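[1] Need the 3D shape of this:
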Amino acid sequence: METTTIKVSRRTLKMLRFYRDLLGAHSYDEVIQVLLKEYRRKLIDQYFGLDKGRISSFTEEDRLEDREV
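    Numbers count the residues shown, from 1 in each chain. Below is the predicted model:
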């Protein structure tokens, strides 16, 4: 795996350490990946779950061929 160095503030480093310990992660890279995946999941839920809980399942009565014209 290729690695690189990034510059972060001491505050950010402190937060990364906190999450590393909280998650039981082995590296800051692992922490960042977990946080990014969680953020992505929340975005997906936000944009693709707009009607969650408001839409019911289709029933036999919903079939077009059974409706009167």
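
[2] The nearest residue to residue 25 once chain neighbours are set aside: which element?
    With sequence-adjacent residues excluded and distances taken as Cβ to Cβ, 6 or more residues apart in numbering, residue 25 is closest to residue 31, at 4.8 Å. For glycine as for every other residue, the C-beta is placed from the backbone atoms N, C-alpha and C. With elements taken from DSSP states H and E, the one containing residue 31 is helix 28-48.

[3] Over to residue 22?
    Counting by DSSP H and E, the secondary-structure element that holds residue 22 is helix 10-23.

[4] How many residues are close by the residue nearest to residue 25?
    Taking other Cβ atoms under 10 Å as the neighbour definition, residue 31 ends up with a count of 20.

[5] Tell me the buried residues in the helix holding residue 31?
    Using 16 or more other Cβ atoms under 10 Å as the burial criterion, the residues of helix 28-48 that qualify are 28, 31.

[6] which secondary structure elements does it contact?
    The helices and strands touching helix 28-48, judged by 3 or more Cβ pairs under 8 Å, 6 or more residues apart in numbering; DSSP states H and E, are helix 10-23.

[7] Would you mind pulling the contact partners of the helix it packs on?
    Residues from elsewhere that reach helix 10-23, judged by Cβ atoms under 8 Å, 6 or more residues apart in numbering: 8, 25, 27, 28, 30, 31, 32, 34, 35.

[8] quick one: the residue nearest to the third one when sequence neighbours are not counted from residue 3, how far?
    What it means is residue 27. When the adjacent residues along the chain are set aside, residue 27 lies closest to residue 20, with 7.5 Å between them (Cβ to Cβ, 6+ apart). Using Cβ to Cβ, to the nearest Å, one obtains 16 Å as the distance from residue 20 to residue 3.

[9] When the two are compared, which one has more neighbours?
    Shown here are residue 20 and residue 3; by other Cβ under 10 Å, residue 20 has more neighbours (18 against 6).
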